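Q: Build me a model from this:
(chains A, B, C and D)
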Number of protein chains: 4
Amino acid sequence: MDQEFWEDKFHDECGIFGIYNKNNFNPAEMTYFGLYALQHRGQESAGIAVNDNGTIIYHKEMGMVSEIFDDVVIGHLQGKVAIGHVRYSTAGESLKENAQPLVIKYTKGHMAVAHNGNLVNADQIKEELEAKGCIFQTTTDSEVIAALLSRERIKHHSIEDSLVEVMKQIKGAYSLLVMTPHKLIAARDPLGMRPLCIGKKEDSYIFASETAALDTVGAEFIRDVNPGEIVIVNEDNLRSIQTEVPEESRMCIFEYIYFARPDSVIDGASVYEARLEAGKILAREYPVEADLVMGVPDSGLVAALGYARESGIPYGDGLMKNRYIGRTFIQPSQGMREQSVRLKLNPFRSQVEGKRIILIDDSIVRGTTSKRIVKMLKDAGAREVHMRISSPPVKYPCYFGIDTPHRQHLIACHNTVEEIAETIGADTLQFLSIEGLKKTPIGARCGFCTACFDGNYPIEVSKEEKYES
Amino acid sequence: MDQEFWEDKFHDECGIFGIYNKNNFNPAEMTYFGLYALQHRGQESAGIAVNDNGTIIYHKEMGMVSEIFDDVVIGHLQGKVAIGHVRYSTAGESLKENAQPLVIKYTKGHMAVAHNGNLVNADQIKEELEAKGCIFQTTTDSEVIAALLSRERIKHHSIEDSLVEVMKQIKGAYSLLVMTPHKLIAARDPLGMRPLCIGKKEDSYIFASETAALDTVGAEFIRDVNPGEIVIVNEDNLRSIQTEVPEESRMCIFEYIYFARPDSVIDGASVYEARLEAGKILAREYPVEADLVMGVPDSGLVAALGYARESGIPYGDGLMKNRYIGRTFIQPSQGMREQSVRLKLNPFRSQVEGKRIILIDDSIVRGTTSKRIVKMLKDAGAREVHMRISSPPVKYPCYFGIDTPHRQHLIACHNTVEEIAETIGADTLQFLSIEGLKKTPIGARCGFCTACFDGNYPIEVSKEEKYES
Amino acid sequence: MDQEFWEDKFHDECGIFGIYNKNNFNPAEMTYFGLYALQHRGQESAGIAVNDNGTIIYHKEMGMVSEIFDDVVIGHLQGKVAIGHVRYSTAGESLKENAQPLVIKYTKGHMAVAHNGNLVNADQIKEELEAKGCIFQTTTDSEVIAALLSRERIKHHSIEDSLVEVMKQIKGAYSLLVMTPHKLIAARDPLGMRPLCIGKKEDSYIFASETAALDTVGAEFIRDVNPGEIVIVNEDNLRSIQTEVPEESRMCIFEYIYFARPDSVIDGASVYEARLEAGKILAREYPVEADLVMGVPDSGLVAALGYARESGIPYGDGLMKNRYIGRTFIQPSQGMREQSVRLKLNPFRSQVEGKRIILIDDSIVRGTTSKRIVKMLKDAGAREVHMRISSPPVKYPCYFGIDTPHRQHLIACHNTVEEIAETIGADTLQFLSIEGLKKTPIGARCGFCTACFDGNYPIEVSKEEKYES
Amino acid sequence: MDQEFWEDKFHDECGIFGIYNKNNFNPAEMTYFGLYALQHRGQESAGIAVNDNGTIIYHKEMGMVSEIFDDVVIGHLQGKVAIGHVRYSTAGESLKENAQPLVIKYTKGHMAVAHNGNLVNADQIKEELEAKGCIFQTTTDSEVIAALLSRERIKHHSIEDSLVEVMKQIKGAYSLLVMTPHKLIAARDPLGMRPLCIGKKEDSYIFASETAALDTVGAEFIRDVNPGEIVIVNEDNLRSIQTEVPEESRMCIFEYIYFARPDSVIDGASVYEARLEAGKILAREYPVEADLVMGVPDSGLVAALGYARESGIPYGDGLMKNRYIGRTFIQPSQGMREQSVRLKLNPFRSQVEGKRIILIDDSIVRGTTSKRIVKMLKDAGAREVHMRISSPPVKYPCYFGIDTPHRQHLIACHNTVEEIAETIGADTLQFLSIEGLKKTPIGARCGFCTACFDGNYPIEVSKEEKYES
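A: I've put the predicted structure just below:
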């Protein structure tokens, strides 16, 4: 995926983790390690809330998990149940007030809410609630959900019944954790657009955005939360409420293509396998004669391996990625700006020189980085650079949690593949076809949302909602 | 005032400041200097919010004004109107979520609220609102006020009309600043329990908890906000709504005795004069032969001067106060604990030795510190120590914003004056009488709340409210 | 003392503290509390070094004692002997490398050095050592002393014998603590220009710049280190070496006038008494009819009390000092700059209005602040302001540790008293005479350095040394 | 390379970078980017010193380049010449005083020194110097070198002549940068044990530990500094002094195996090529039937690709590395400790399950991590795990800058290959032979130090030196 090098703001993802401890685990510590495993889903802020006999204490800050928590902080977070959250990073307008979990007091005591996804009708709901006198202190969907939940709670007998009602009102993508005085509740939107899985360690149930977090804490994967399902854990057991759902789920295809860790398994499909297979199909769809297949680290590496295996062309490394780039660094002055990409990536000249190269990336959004990489490889002596993208062209913005740029910045929106190839300086350029995508294990096994490729939005999005996004 | 040395948690005060700029001042900068002047009213957290054409941006943190704001932060807070807040310091359970101003979104846009005081029916209102589905994210009265205001706003034509309604519902002590897209509003509770004054600098109106803040920013004092008054400043002018108020106001007497800066003038009475006069009356009520009159720094110094002037006994210094005590320091180990008071206060041995001393303080709450100081003076060679307190014994807890301890910790609650004298080791001890207090300039000029001395609460406080406090 | 308000850089002082523990005290903790008591001598940096069986561990940082040390840090500083240091604050060119104690390795193991004062021939010694191949990593005199000590140590049998030699080579003002594998050594320059006293707590010896630090840690004052004396504490006992000294000592008079805590006793004279007496003599020398005597807080308060007592004119307060000014604050913009002094000081209008005031300060250096204060009092309604200074005019720069400005900035250097009065706007102005100064308890009892008043430097200072300062 | 997971303290490496600017570059900024590229060589501390007309200003701190420097800091570091340093990370006893560059004052002005390597006779030299009265403030070799240089400088006409003398006295591995008032000097030990190269950007000469840093700042690679060579850059030109050197150089083989970035070229050999070739030779030496070749990320990846290419067995990924592990994290409690390796590495179950795997790593030191990884793969369903190490067994400690553990912790020191295989649970285990190593491009082209494998130390190391290490 090519991003603006100096502002990596592509995605609006989050990661969530929760545990109802029935053993002698330390829930805050386990959530800490779980969030560490989900850090790739958001580096802007992180937080952990624990329920200590009805009182919720929490700690949340801007920054990475490793920066925010230490032994002292974790030591203070004593309790039986915990939920945690990592939030995406944007440049600038991020608000510390938006760090999650959101902890509120409502009529039945305290509640903590953490969620991943994006409601398309959040602004409309907020307006309706404001018109009834409600106030909002953050710009998160979690606050909208908490506000609705507490209003429904006075009309229903339980928090889960309230949630059933709330899920009728909210539209969009969401995976949700709610911690109340006596329960830990997980829920997933009816289309199943964001991942959420259930794990178990001894007698304790765990929820996490990805299975990799279960692996990290040594929990066993039980199953995914189903689209439209509400799962309730309390002192006694784990129960499930299945709300009405459409025939077909619409898992976000980009979880497989880019977001999720390759070692995660989402809705039964291995992310690694999906990427490998995409590379293979790409090789079948768009073969080209070359000496070496290489990927843009790290997003293109797995698909590159797939392409190499299918094509029989040797797989190799061509670009070294600097692993020590901090979240902030000084703005290079004029003389250095041209070199800026070299800070992050540097070619293995000996591998590249004189070779015809197939360069694989997972996607092209703006095209800026791809252009710089192609130039770098050519400068390093590559004879030809054939770029192959393991997903179709991104032509439509996402309203469900992926922070794609406005349409005018999507290079594939107003350029043909040939024009893009010319812009980025590649000898040839091809994208995986939507049909090809459907032949991958994911495409075959489960429904998914491909709106960013084909504009076929799974939920109608009003003009206002589009504008807001 | 004697406090526990290792947890200076006596008071639950705050300071507020606001400006509607119609000149070329920098409202955030002026608020910063105003808060600096009000820092004595709260050292736990501070915050400034500015209204930039309807958008409110803000910065608030735990800590002192000098730690929280710098040129960069103030530089970001561009806007036409600003309000600021400093909050009291307690040990431990203070929540950063409680830092003010509170900034919320409601049906008409953004609103910022900052307040000083304590509502006695806040919990009852919160319960009622929660029962209607409301959620709360802090434990501040500001959030209660904002929630009520936004609910009334959908029923009334203006924010000030809404505030009139809200003031009918809330009970207790409050001085309040509300910043909405087009207005800056100040209000004071019907009993006028907390101070709030109006200043003007060129064409710009300013509100502040104390006149000292006006002096600091070079503003002219106009008048105090009246009890029960709502003052509205907008682009055009300054208007006032006078809500119904009781016949007599009930300014907190402790503002004069302890809280306010001596250079402030509150409701027409100079705090310095009030303390000086209290010392004089105390000298008339409880004379004693002695060689030197000295005050406990800093709270007893002015009354000591008054006592000296009236009695003709020389005024002098007997205790050196260390000005560099940070907000935190390491807990002294057993061997050092006895010495701990010496870190803060140290006697001038040459002044004290062989002398009969009249030691003035403004109040005795627990008695612990007084005991240590008397011992220190005797150890330094004082022949006699006659303690004189420039206010009556504190026998009743305060429910209106002063963080007095529970009754069982109030030494005057269950001990006679003689017993207290014995406990603290003073040769004699006397407190200013309530009648004496009424002869001071304040006593003479305006009604005030003396509930902590006589239990005569100006507002009925229910059992639950007492329990909560 | 008047200083530039926005850069309080008057003094170049330090404070030192050391303890050889023979009881069960925690030396690092005790040093921490001792430094707290000496914080007024330097707020730029602080450090503590402990000797743990020959290994010296230490912690030093820029900042105040309260900011640098916490329970964890103090907990790590385990050892039998400890020395600590606080360093003065200047604006900008302060180097963290200069924080003390300086810890070095030399031929006999580790050594820590902390000192207060200024060597006038440090640069000359450094040049000589550099010409022999030595290198320097800081700009402190402590490094010069350590370098000399280690070179002498290879020629002498003990560190104290080496120190005797070193003291023959260094010229200037110094009070010194040296911690070696087996000893704690204190020394004071032959003229006794900087204070250093010996205390005892149970069987443990303590050294401190001022007696106030002994009081704070509960130690008994034994005696001052004599001019030219080296005091050695080891496992067995306390021994003394008296090096040759001039007939008369030359204690810095400014320690009494300004630097030292008033509750300290230096070389047998109470600082408080000295200031009080200076005020009295000033009243005799320069009486004036007035209604009120007041001091500039805090430096002029004690002398003001003395003046009042002698003159019979009532003592009172006229200026409120804000105690919460942090070490940094934002630069006020143009509109606020005029008001800047109000941030620190604010008049008690009711005390000042219509009165003829005698305003006492300890000294005038540049005159800038005095001018602002006089104006403030006049603006507050003072009828007359008669300024009286409790020390003679500062006409000569100090080369022994007091960071006085260059001569051209010393207002008394090129202006008559009348001209200064006019500049600062006082109705009359008078300075204590040198003869008057000599009548104070200090003047009577011990020799002192008055070079800043009369240019009579106790040590010849070469042109280069003057230039360097 | 297997390391203790909770204390990654294997190496004692550093990275250095310097530039003599003759264009309009910003030397501090360029050094910042250069250090970024060398961050893998040390994460404990970093520093930059610039020479501004003879005055050296610098900034160095504990932490990563990205944490230490920002626009403000870099903006202050104005000067014509700059050198920078990154230092290795150990757990705990690291001293901030040891951060480099070391800046000192000597007889000719200021000097800054930065170095990479380890002197085996540093302690002996220090003792000799201490016996002459010298003092030391750090435990770095840079201080030893600076002390020697300044002593020689008083006997020789130039700093480079002094360095010639110093290089006769110091024994060990070092690559060195020295910045004096008028020169930038680079030197490499006579055996060329540590890398150092020369680059040029327009007219400005640059020195860097690795060519990757030249690439990053857009400089052209000129050549390596030769073993025993001193290179002097001043205003006029670049000159070289070649000191006497042994016939064969002894570049540290571990730079190729582990330390250096694979995109660097050292002494004419590509690090990437060397690793790839090692993998190929390993495949020829120790073939085994299997389904998949995979590397331990990141150290074994390139050799794994080489093994795969040579063997014809498919290359694949088996382990996901978490890229977000901070430098510190909370110690996992008992229940989590077993899972700790999962925080860093997680298997791709779908790739591993049922397969016979060849697992490549670059080295085995303690064996702890290898054991955990093998277990993880077996738990993930691997049928067989054949471990192949792309370097010979590490049997001897390094005294030249590689922080290998004491011999008793080197698993290969007292175990046969079979015993190690059993310990770590691998079905088979083989190490590249020393002969095989010599067949790689490096082995073929240049002499290198293989002491850690064969105990054949290029410099005699005395017992004391061994003990010290």
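Q: Within range of chain B, give me the residues from the stretch 1-150 of chain A.
A: A:102-107, A:111, A:126-127, A:130-137, A:146-147, A:150 (CB under 8 Å from any CB of the partner chain). The C-beta positions use only the backbone N, C-alpha and C, and glycine is treated the same way.
Q: Which of those residues fall in helices?
A: Using DSSP state H to define helices, the subset of the residues of the stretch 1-150 of chain A next to chain B located there is A:126, A:127, A:130, A:131, A:146, A:147, A:150.
Q: The closest residue in space to the second one that isn't next to it in sequence: what's it in contact with?
A: If the residues on either side of it in the chain are set aside, residue A:127 comes closest to residue B:107, at 7.9 Å by CB to CB, 6 or more residues apart in numbering or on different chains. When the contact criterion is CB atoms under 8 Å, 6 or more residues apart in numbering or on different chains, the partners of residue B:107 are A:127, A:130, A:131, A:133, B:150, B:153, B:154.
Q: Quick one, which of the residues you listed are buried?
A: A:130, A:133, B:150, B:153 (16 or more other CB atoms under 10 Å in any protein chain shown).
Q: one step back: show me which of the residues of the stretch 1-150 of chain A next to chain B are buried.
A: Neighbour counting by 16+ other CB under 10 Å classes A:102-107, A:111, A:126, A:130, A:133-137, A:146-147, A:150 among these as buried.
Q: Residue in chain A with the shortest distance to chain C?
A: Taking CB to the nearest CB, chain C has its nearest neighbour within chain A at residue A:72, 9.5 Å off.
Q: how close does that residue sit to chain D?
A: 9 Å (CB to the nearest CB, to the nearest Å).
Q: Surely that residue is within a helix?
A: Yes - assigned with DSSP: H, G, I helix; E, B strand; the rest coil, residue A:72 falls within a helix.
Q: Need the pLDDT of it.
A: With respect to pLDDT, residue A:72 scores 88.
Q: One more: residue A:320?
A: We have a pLDDT of 93 for residue A:320.
Q: Check which helices and strands the host helix or strand of it is in contact with.
A: In the assignment (DSSP states H and E), residue A:320 maps to strand A:319-321. The elements that strand A:319-321 packs onto, with contact taken as 3 or more CB pairs under 8 Å, 6 or more residues apart in numbering or on different chains; DSSP states H and E, are strand A:345-347, helix A:368-379.
Q: quick one: contacts for residue A:192?
A: A:226, A:227, A:228, A:245, A:249, A:250, A:251, A:267.
Q: Can you list the low-confidence ranges for the stretch 301-450 of chain A?
A: The stretch 301-450 of chain A contains residues with pLDDT under 70 at A:326-329, A:334-335, A:337-338, A:403-405, A:443-446.
Q: Tell me which stretches of it form helices.
A: Under the criterion DSSP state H, counting those that start in this stretch, helices of the stretch 301-450 of chain A are mapped to A:301-311, A:334-337, A:340-344, A:349-352, A:368-379, A:417-424, A:434-439, A:441-445.
Q: and the ones you listed as JSON lines, adding distance to residue D:325?
A: JSON lines is the format used below for these (distance: least, CB to CB, whole Å):
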{"stretch": "helix A:301-311", "distance to residue D:325": "19"}
{"stretch": "helix A:334-337", "distance to residue D:325": "29"}
{"stretch": "helix A:340-344", "distance to residue D:325": "19"}
{"stretch": "helix A:349-352", "distance to residue D:325": "28"}
{"stretch": "helix A:368-379", "distance to residue D:325": "25"}
{"stretch": "helix A:417-424", "distance to residue D:325": "33"}
{"stretch": "helix A:434-439", "distance to residue D:325": "33"}
{"stretch": "helix A:441-445", "distance to residue D:325": "29"}
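Q: Make CSV from the ones you listed and add distance to chain B and mean neighbour count to it.
A: Shown next, in CSV, are the helices of the stretch 301-450 of chain A (distance: least, CB to the nearest CB, whole Å; neighbours: other CB atoms under 10 Å in any protein chain shown):
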stretch, distance to chain B, mean neighbour count
helix A:301-311, 40, 25
helix A:334-337, 24, 14
helix A:340-344, 25, 19
helix A:349-352, 43, 22
helix A:368-379, 29, 21
helix A:417-424, 37, 16
helix A:434-439, 40, 17
helix A:441-445, 38, 18
